[in-house]
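In: Quick one: sequence plus predicted model below, questions after.
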Amino acid sequence: MRDTIPAHIALVAARSSWLAEKIRTAKEQRFLEEATSSNPIQVILPEANPTALKLVLSYIYTDKILPTKEGMFLK
């Protein structure tokens, strides 16, 4: 089972060139597969640790690095 982590495409793409490329690829793939879909774009990152990605997104949104303790997960 994959974790789903919602985020705003425009903001994330503007702040991270790596994620912008992943978003662009997901958009192109969706266009090729189902051009009329109104479902949200999903960027699949099988190599990403969900906790680390949540920390990165938190930084993208707030410009702050939140301290964590080992084994502590963001909600």
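Out: Structure received.
In: Kindly indicate whether residue 19 is helix, strand or coil.
Out: The three-state label given to residue 19 by DSSP: H, G, I helix; E, B strand; the rest coil is helix.
In: excluding its backbone neighbours, what's nearest it?
Out: residue 12 (5.1 Å; Cβ to Cβ, 6 or more residues apart in numbering). The way it works is simple: take the backbone N, C-alpha and C, and place the C-beta from them, glycine included.
In: Next, give phi and psi for the one you found.
Out: phi -60, psi -40 (degrees, to the nearest 10).
In: which residues sit in contact with it?
Out: Residue 12 is in contact with 19, 20, 23, 57, 60, counting by Cβ atoms under 8 Å, 6 or more residues apart in numbering.
In: likewise residue 64?
Out: Neighbour list for residue 64: residue 58 [criterion: Cβ under 8 Å, 6+ apart].
In: Read off the pLDDT value for it.
Out: On pLDDT, residue 64 comes in at 88.
In: Over to residue 42?
Out: Per-residue pLDDT puts residue 42 at 89.
In: Residue 33 and residue 66, how far apart?
Out: 36 Å (Cβ to Cβ, to the nearest Å).
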